[in-house]
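Participant: with the sequence up front, the predicted model follows.
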Amino acid sequence: MTFVPGPIIIPRKPKEKPENKKKVEKKTIPRKREKKLVYVLIKLKPEQMISEKAKELEELFKGKTFNRVVNPDEYTLLMNAQNLFSRSSRLYVVELTDEMNRWFYLVPSEERIKFKNKDKYMVFLIKKDSALEEIFKKIAEGKLAKRSTFELVVTAIEVALGILTFVAGYLALENVIDLSQLSNIVTFVLFFIFALQSIKKGYKRRGWED
């Protein structure tokens, strides 16, 4: 009997399971933090020496980067501020004065710094970098506390528009005007406020810090 060999079966290698692809993490673009400038004014008493008070401040700033400039002009302050804003979104500008000399400390710090016995404390939320020029010009001239005529006029108009909206709502409730008229008034007010905001200076000022 002749032996007939059967077909030779070559075992196939099992298909390798594709390795689990690592989940590609979506790169999230970090949200750009709003620049914040905090101005602090400290006036010395007649018996105090500015150098002694400066040592106290420098002890408060221990462990932080800071620049000290003496009797600077607005451009020196501006240049220092622009450089230091690259380190932090919040910059403290501390003015130490004995009425004869003005020492400034510029301190970038994400952490809030608390000051004792301060004479002025102002916080500026910077919307446009160009606004820094105006702020430091006012600081150098010692006119930071005063609001410009433009700011006062814009604020007055916004208040008047708010009152107009309130009166229109009241008249609509009393059926003096219909809803379509109320809608037109509200639309006009919102448009006007938006237009005012667009021409406003590039910063907001307030007297407290988050």
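Facilitator: Done, it's in. Numbering: from 1, shown residues only.

Participant: can you show me the strands along this protein?
Facilitator: 35-43, 67-70, 90-97, 102-108, 120-126, 203-206 (DSSP state E).

Participant: nearest to residue 179, out of the ones you listed?
Facilitator: strand 203-206 (33.9 Å; Cβ to Cβ). All C-beta atoms are positioned from the backbone trio N, CA, C, and that covers glycine.

Participant: partner strands of that closest one, parallel or antiparallel?
Facilitator: As defined by DSSP bridges, the strand partners of strand 203-206 come to strand 120-126 (antiparallel).

Participant: CA atoms of the partner strand as PDB?
Facilitator: Taking Å, rounded to 0.1, in the frame of the first residue of the first chain, the C-alpha atoms of strand 120-126 are listed here in PDB:
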ATOM      1  CA  LYS A 120      -3.000 104.700  49.000                       C
ATOM      2  CA  TYR A 121      -3.900 101.400  47.500                       C
ATOM      3  CA  MET A 122      -5.100 101.100  43.900                       C
ATOM      4  CA  VAL A 123      -5.500  98.100  41.600                       C
ATOM      5  CA  PHE A 124      -5.400  98.400  37.800                       C
ATOM      6  CA  LEU A 125      -6.700  95.600  35.600                       C
ATOM      7  CA  ILE A 126      -4.800  96.100  32.400                       C
END
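
Participant: buried residues, it. List them.
Facilitator: Within strand 120-126, the residues scored as buried using 16 or more other Cβ atoms under 10 Å are 122, 123, 124, 126.

Participant: need these in TSV with distance to residue 47 and pLDDT, can you?
Facilitator: Formatted as TSV, those follow (distance: Cβ to Cβ, whole Å; pLDDT from 0 to 100):
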residue	distance to residue 47	pLDDT
122	27	92
123	31	93
124	33	92
126	37	91
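
Participant: dump those residues into TSV; add distance to residue 88 as well.
Facilitator: Listed next are those as TSV, based on distance: Cβ to Cβ, whole Å:
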residue	distance to residue 88
122	18
123	15
124	15
126	13
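
Participant: which pair of those spans the longest distance?
Facilitator: Across those, the longest distance by Cβ to Cβ is 12.6 Å; it joins 122 and 126.

Participant: hang on, the earlier thing: among the strands of the chain, which is nearest residue 157?
Facilitator: Of those, the one closest to residue 157 (Cβ to Cβ) turns out to be strand 203-206, at 16.6 Å.

Participant: contacts for the closest one, please.
Facilitator: With contacts defined as Cβ atoms under 8 Å, 6 or more residues apart in numbering, strand 203-206 is touched by 122, 123, 124, 125, 126, 127, 128, 131, 134, 135.

Participant: how about the fifth one: what's its closest non-neighbour residue?
Facilitator: In this case it means residue 126. residue 35 (3.8 Å; Cβ to Cβ, 6 or more residues apart in numbering).

Participant: can I get the strands of the chain in a markdown table including distance to residue 58?
Facilitator: Shown next, in a markdown table, are those (distance: least, Cβ to Cβ, whole Å):
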| stretch | distance to residue 58 |
| --- | --- |
| strand 35-43 | 13 |
| strand 67-70 | 8 |
| strand 90-97 | 10 |
| strand 102-108 | 8 |
| strand 120-126 | 20 |
| strand 203-206 | 28 |
